[in-house]
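# fold the following, please.
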Amino acid sequence: MAKGLVKGRPVKAQYNALHLPGTIVEETPADGVLGIDTGAWSNTPGGTHHSALAMSDLAVLCLQPAEGELHRSASVWAALKYLNDTTGRRPELVVLLTRTHHTAKANDEARRAMENRGIEVLQSTVPNQQGEGGYSRTFGKELVLVDDDPMHKVAVEILTKVAIQ
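All right, here's what the predicted structure looks like:
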């Protein structure tokens, strides 16, 4: 288990796929949202992302704005297709662009490529902040967010999507 707390609860590095359904029910706050890092890139039978997607209403796929990332995400698209084919149900999917740079043309190119395929891309992005105090150095630490902070904007946009479902 990773060190650190989010809202007074421990941050877990990875959930066990076999216990995921019970864990989701147990750990989701009554009026809250549970975020799960599924290890989606390791597409193995019984992988965590299949269980998580099957129990989710909204899936947020975090991708860097690079062509290779979209191709690597094929395991997630395959899992969503499998769920839809076998259960007739799949969660709504949105993409969150991460590690973005405000002047990079890759952001707009990746957004346009996905939107042209009918994929919803959130307007908010997570900037590439490598410096001291940047997002890449905050795992397990409390984030202090202000209204114009990029992570606050991401949180508001995701929670708005959840609220209208």
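
# quick one, strands of the chain?
According to DSSP state E, the chain carries its strands in the segments 5-6, 9-10, 58-63, 92-100, 120-127.

# any low-confidence regions in the protein?
For the chain, residues meeting the criterion pLDDT under 70 lie at 1-21, 29, 31-47, 130-141, 143-145, 164-165.

# now do the helices in it.
Per DSSP state H, the chain carries helices over the ranges 20-27, 48-55, 67-72, 74-87, 105-116, 150-163.

# turn these into JSON lines, columns for mean neighbour count and distance to residue 93.
C-beta here means a position set from N, CA and C on the backbone, and glycine is covered the same way. Rendered in JSON lines, the data for the helices of the chain read as follows (neighbours: other CB atoms under 10 Å; distance: least, CB to CB, whole Å):
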{"stretch": "helix 20-27", "mean neighbour count": "14", "distance to residue 93": "18"}
{"stretch": "helix 48-55", "mean neighbour count": "21", "distance to residue 93": "9"}
{"stretch": "helix 67-72", "mean neighbour count": "14", "distance to residue 93": "13"}
{"stretch": "helix 74-87", "mean neighbour count": "14", "distance to residue 93": "6"}
{"stretch": "helix 105-116", "mean neighbour count": "14", "distance to residue 93": "10"}
{"stretch": "helix 150-163", "mean neighbour count": "15", "distance to residue 93": "11"}
